[in-house]
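Colleague: Turn this into a model:
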Amino acid sequence: MRVPLSWLQDFVDVTLPVNALVHRLTMAGLEVGDVEYIGSDWQPDKLFVGEVVDVAPHPNADRLVLATVAYGQDKPQTVVTGAPNLRPGDRGQKVAFAIEGAELIDAYSETPGATKVLKRAKIRGVESTGMVCSEKELGLSDDHEGVLILDPEAQIGQPLQDHLGDVVLDIEFTPNLARANNIVGMAREVAALTGQTLRQWPPQDALLANPHAAKTSYTAVSSADPQLCARYSAALIENVTIQPSPAWMQRRLRLAGMRPINNIVDITNYCMLETGQPLHAFDYEKLQLDRNGIVVRQAEPGERLLTLDDIDRELTPDMLLITDDSGPIALAGVMGGAATEVSDTTRHILLESANFDFLSIRRTSQHLRLYSEAGQRFGRGMDPELTPLGLLRAGRLMESLGGGTLHPDIADTYPNRPGTKLITLPLGDVKRLLGIDIGQDETVRMLTALEFGCTVRNQGEATTIDVDVPSYRLDVSIPADLIEEIARVHGYDEIPSTLMRDVLPPQRSQPQRQGMEQTRDILVGCGLTEIISYSLTNLDLVNRLHPGQPQANPDDYVRVANPLSTEREVLRQALLPSMIETLQSNSRYRQRMLLFEIGRVYLPQSGEELPDEPRRLAIGLTGPIHPASWQTSPDATAHLDFTHLKGVVETLAWRLNAPEMQYEHASHPALHPVRTAALRMNGAQIGIMGELHPQLRESFELPDQPIALLELDLAALLAARQPRHFTPIARFPAVLEDIALVMDADVPARAVQETIEAAGGEWLRHVELFDLYQGESIPEGKKSLAYALTFQADDRSLTEDEVRTIYQRIQQRAATELDAHPRQ
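Modeller: Okay, the predicted model is just below:
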């Protein structure tokens with residue numbers, strides 16, 4: 001949120017220098033992301049508040065006029081201008097006036113921010129000795145359609161820097177500080193943090209209409225479900241005039257990042273920024289209120305609404321609506337309907353101020369992709385007590401700035417008003433949690449500055465404070481919340497660092513956690529990048545990854561009671577869908593991706609309330625084998641595939657000192673029918689790996705290249721780790737031999753290796769496949785596999801005869817068990 005200090009000072013005296021204020025706010029959790037100094041580069045002796053004394057036609061140009069401007073120095077100056085908002089006969093407007101030598105933004109330059117120095121000039125035969133400035137020439141905005149008209153109360157001759165200069169703080173609010181996401185909320189924080197006093201809030205005129213009734217002479221208001229609409233307030237302002245807002249309001253809205261439209265819309269936005277309460281204005285004469293009045297309810301099947309952006313929207317039953325006797329007139333807290341929009345001919349305004357369920361509003365906003373300042377505020381939770389304050393503040397402004405009359409009765413329904421929230425705070429807990437002794441008086445002072453009510457009770461040696469929590473502090477519910485507020489106001493940076501007075505207690509070993517960290521280190525060392533994806537998914541994605549299979553049964557998944565969107569409604573049972581989503585979203589930016597994720601899946605257990613939550617490992621590889629560099633050919637076509645993924649798995653198992661992984665051909669609906677394998681360890685399947693099926697790759701709009709995927713049970717892999725034992729380096733030389741065997745093409749290479757290892761005995765130390773051949777000299781339907789064999793003994797050098805005996809035994813066992821014979 002952008003907070004102009006001039007607006008903030010309406011409610012609190014800002015006594016600290018800007019840099020000190022920024023530091024204090026940031027240390028209290030209100031992080032100031034940027035500070036913008038408005039008018040700091042305006043020369044105080046060259047730019048002034050001027051008044052238009054007269055406007056006359058230019059004698060030699062139809063589209064130019066001669067404006068005579070008084071600026072409190074010397075005599076009035078003549079300015080030649082073509083501004084459309086200065087016409088012959090005008091006088092009395094306050095304007096931004098620049099004299100010769102002023103440095104201004106060049107409004108006609110194609111270079112952003114380019115400046116020019118103002119000089120005297122003859123324009124069509126008439127000398128112009130100054131300039132009446134537009135917002136663009138002052139650097140306030142890109143508006144160059146006319147000159148900037150200032151507030152009529154501006155003092156002639158005052159340096160423009162003193163009148164329009166300001167400092168705007170851009171504050172990044174975390175959800176727990178949503179209460180401060182408005183000018184009054186920020187003023188309350190500044191007052192507490194700097195020892196100042198908040199000026200009267202709420203204003204006296206916002207309290208005159210209590211108590212309110214749900215039915216008035218102009219409408220009734222009701223909520224079908226108080227859980228979805230805790231409070232709904234409405235006011236009638238009659239005989240308003242739609243016109244531009246005054247200059248001071250337009251300026252504040254622009255500084256806060258909003259575009260002025262007209263006085264009615266601007267007042268609703270202004271009051272939302274000031275009080276934090278979103279408002280919506282209806283054209284009262286377009287409403288049908290004779291029977292039921294305004295009703296807040298959920299949509300019914302088949303209902304539609306044409307919204308203010310001219311889109312005819314189909315409504316779902318979970319969307320909250322504002323309705324009159326004719327049907328829907330607005331999406332509650334999201335956007336109004338076009339049929340009841342305020343226009344230039346509007347005479348009477350029905351003003352809405354309500355408190356809607358934040359989950360409902362957030363869900364509707366995300367479903368329709370409609371995001372607004374109002375929706376953002378509702379989406380973080382609002383105080384129901386704020387609705388009449390914002391309503392009456394806007395109503396009074398519409399009286400003064402729109403010429404309207406605020407009806408004395410306020411329509412207000414608030415069926416479930418909560419009771420007072422009281423928390424007992426033991427004073428000793430403050431010292432115990434913060435480590436410093438703040439004292440009773442200072443604790444009460446800080447809580448009182450934040451508008452908490454405090455009553456001190458002494459019970460022997462123990463002192464407690466009964467704290468009355470303001471209604472807008474939705475985030476405070478336990479004593480620890482109050483202690484956090486005390487720490488914020490005291491200043492986290494003021495709490496001294498204290499070293500431990502004792503040695504660290506012995507730490508318990510956590511094999512699973514250590515194993516996960518080791519797994520991360522190994523995979524990062526292999527060039528992979530870790531991702532963290534949502535634990536929530538949707539059944540549509542699950543079904544897409546199981547083509548040709550029965551649709552997933554929603555009852556087999558753990559569902560979220562109030563999902564934020566339809567894309568995040570059930571807990572995942574596999575990591576592969578999230579991995580594919582991540583590859584898809586990143587494929588538009590890069591071709592080469594090596595990713596892994598360690599995360600939980602959630603498997604319902606029969607008869608159990610909570611699901612089983614095992615940890616899984618997922619890996620996704622795709623793209624060129626080598627990153628693009630001067631050493632690689634730009635037209636290289638080799639891509640990461642199943643074999644590279646297998647290499648990563650083997651490296652992981654070896655580094656974890658787990659038993660060797662076995663690979664068996666398997667099938668999976670999302671994976672390639674041939675390039676898929678089940679991973680087995682100690683006889684049990686622990687995972688699946690393969691390349692994404694080409695049809696699914698096309699369906700997800702992924703690049704036309706292999707995408708190797710894996711998901712395995714990480715707990716099972718870590719449980720299979722074995723202690724490491726030292727093996728001394730062999731003292732005697734090894735004997736290296738090769739063997740090439742011809743066999744049927746469907747014999748797995750793994751079976752051949754196991755046969756060789758079984759026949760080789762203890763002296764066969766290593767077997768490695770190094771060649772696969774099918775072609776000339778090999779019969780059709782056959783293949784040749786060549787292995788490198790390493791023979792070695794610990795106590796002596798092997799003789800040629802000993803090696804030959806083992807070699808022949810291997811040949812005989814291969815022939816007997818696999819019908820594999822030496823290649824000739």
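
Colleague: And the helices in the stretch 351-500 of the chain?
Modeller: Taking DSSP state H, counting those that start in this stretch, the helices of the stretch 351-500 of the chain run over residues 358-368, 373-378, 387-402, 427-434, 440-449, 479-490.

Colleague: Tell me who's in contact with residue 508.
Modeller: Not one residue lies near residue 508 by CB atoms under 8 Å, 6 or more residues apart in numbering. (Each C-beta comes from the backbone N, C-alpha and C, glycine too.)

Colleague: still on that earlier bit, which one of the helices of the stretch 351-500 of the chain lies nearest to residue 512?
Modeller: Closest approach to residue 512 among those is made by helix 479-490 (30.2 Å; CB to CB).

Colleague: CA-only coordinates of the closest one in PDB, if you can.
Modeller: Extracted in PDB, the C-alpha atoms of helix 479-490 (Å, rounded to 0.1, in the frame of the first residue of the first chain):
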ATOM      1  CA  PRO A 479      -1.500 -14.000  25.800                       C
ATOM      2  CA  ALA A 480       1.400 -14.800  23.500                       C
ATOM      3  CA  ASP A 481      -0.200 -12.500  20.900                       C
ATOM      4  CA  LEU A 482      -0.200  -9.700  23.300                       C
ATOM      5  CA  ILE A 483       3.500 -10.300  24.200                       C
ATOM      6  CA  GLU A 484       4.300 -10.200  20.500                       C
ATOM      7  CA  GLU A 485       2.600  -6.800  20.300                       C
ATOM      8  CA  ILE A 486       4.700  -5.600  23.300                       C
ATOM      9  CA  ALA A 487       7.900  -6.800  21.600                       C
ATOM     10  CA  ARG A 488       6.900  -5.000  18.300                       C
ATOM     11  CA  VAL A 489       6.300  -1.700  20.100                       C
ATOM     12  CA  HIS A 490       9.300  -2.000  22.300                       C
END
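
Colleague: Show me what counts as buried in the following helix or strand past it.
Modeller: Once the chain leaves helix 479-490, the next helix or strand it forms, by DSSP states H and E, is helix 511-525. Residues of helix 511-525 classed as buried: 515, 516, 519, 522, 523 (neighbour count, 16 or more other CB atoms under 10 Å).

Colleague: Okay, now the sheet partners of the next helix-or-strand element following helix 511-525, with direction.
Modeller: Per DSSP H and E, helix 511-525 leads on to strand 529-530 as the next helix or strand towards the C-terminus. Applying DSSP bridges to the sheet, strand 529-530 is found paired with strand 593-600 (parallel).

Colleague: Contacts for the partner strand next, please.
Modeller: Contact with strand 593-600 is made by 516, 519-520, 523, 526-533, 535, 575, 578-579, 582-583, 586-587, 613-623, 640, 714, as judged by CB under 8 Å, 6+ apart.

Colleague: hmm, try it at 6 Å
Modeller: Residues outside strand 593-600 that contact it (CB atoms under 6 Å, 6 or more residues apart in numbering) are 516, 523, 527-531, 575, 613, 615, 617-623.

Colleague: got it, and stretch 173-192?
Modeller: Residues outside stretch 173-192 that contact it (CB under 6 Å, 6+ apart): 1, 3, 7-8, 11-12, 29, 198, 201, 274-276, 380, 449-450, 472, 475, 489.

Colleague: In ChimeraX, how would I select just the buried ones from those?
Modeller: Restricted to buried positions by 16+ other CB under 10 Å, the ChimeraX selection for those reads:
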select :1,3,7,8,11,12,29,198,274,275,276,380,449,450,472,489
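
Colleague: Need the nearest residue in space to residue 653, chain neighbours excluded.
Modeller: What sits nearest to residue 653 in space, not counting adjacent residues and going by CB to CB, 6 or more residues apart in numbering, is residue 661, at 5.1 Å.

Colleague: Tell me who's in contact with residue 361.
Modeller: By CB under 6 Å, 6+ apart, the contact list for residue 361 reads 333, 375, 378, 379.

Colleague: list the helices and strands the lowest-mean-pLDDT helix or strand in the chain packs on?
Modeller: Least confident helix or strand, the chain: helix 373-378 with a mean of 82, by mean pLDDT, DSSP states H and E. For helix 373-378, the packing partners by 3 or more CB pairs under 6 Å, 6 or more residues apart in numbering; DSSP states H and E come out as helix 358-368.

Colleague: what is the rounded mean pLDDT of the helix it packs on?
Modeller: Taken as a whole, helix 358-368 carries a mean pLDDT of 85.

Colleague: repeat for stretch 651-662
Modeller: 92.

Colleague: Enumerate the positions of it that are buried.
Modeller: Going by neighbour count (16+ other CB under 10 Å), the buried part of stretch 651-662 is 652, 653, 656, 658, 661.

Colleague: Go through the residues you listed and flag which are in helices.
Modeller: The helices, defined by DSSP state H, take in 652, 653 from those.

Colleague: Need the max-distance pair from the buried residues of stretch 651-662.
Modeller: 656 and 661 (10.7 Å).

Colleague: Who are the contact partners of the residue nearest to residue 653?
Modeller: 653, 679, 681.

Colleague: again, only this time at 7 Å
Modeller: Taking CB atoms under 7 Å, 6 or more residues apart in numbering, we find residue 661 in contact with 649, 650, 653, 679, 681.

Colleague: what about the residue nearest to residue 713 when sequence neighbours are not counted, helix or strand, and which?
Modeller: Distances taken as CB to CB, 6+ apart put residue 686 closest to residue 713, at 4.7 Å, once the chain neighbours are dropped. Using DSSP H and E, residue 686 sits in strand 684-692.

Colleague: so what secondary structure elements neighbour that strand?
Modeller: helix 642-655, strand 671-681, strand 707-713 (3 or more CB pairs under 7 Å, 6 or more residues apart in numbering; DSSP states H and E).

Colleague: quick check: longest helix of the chain.
Modeller: Counting residues, the longest helix in the chain under DSSP H turns out to be helix 800-818.

Colleague: gap between it and the chain center?
Modeller: Distance, stretch centre to chain centre, for helix 800-818: 65 Å (CA atoms, centre = their mean, to the nearest Å).

Colleague: export it as PDB, just CAs?
Modeller: The C-alpha coordinates for helix 800-818 follow below in PDB (Å, rounded to 0.1, in the frame of the first residue of the first chain):
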ATOM      1  CA  GLU A 800      46.000 -67.800 -15.900                       C
ATOM      2  CA  ASP A 801      44.600 -71.200 -15.300                       C
ATOM      3  CA  GLU A 802      42.500 -70.000 -12.400                       C
ATOM      4  CA  VAL A 803      41.000 -67.200 -14.400                       C
ATOM      5  CA  ARG A 804      40.400 -69.500 -17.400                       C
ATOM      6  CA  THR A 805      38.500 -72.000 -15.200                       C
ATOM      7  CA  ILE A 806      36.200 -69.200 -13.900                       C
ATOM      8  CA  TYR A 807      35.800 -67.900 -17.400                       C
ATOM      9  CA  GLN A 808      34.700 -71.300 -18.800                       C
ATOM     10  CA  ARG A 809      32.300 -71.800 -15.800                       C
ATOM     11  CA  ILE A 810      30.700 -68.500 -16.700                       C
ATOM     12  CA  GLN A 811      30.300 -69.500 -20.400                       C
ATOM     13  CA  GLN A 812      28.800 -72.900 -19.300                       C
ATOM     14  CA  ARG A 813      26.300 -71.300 -16.900                       C
ATOM     15  CA  ALA A 814      25.200 -68.700 -19.500                       C
ATOM     16  CA  ALA A 815      24.700 -71.500 -22.100                       C
ATOM     17  CA  THR A 816      22.700 -73.600 -19.600                       C
ATOM     18  CA  GLU A 817      20.500 -70.900 -18.100                       C
ATOM     19  CA  LEU A 818      20.100 -68.400 -20.900                       C
END
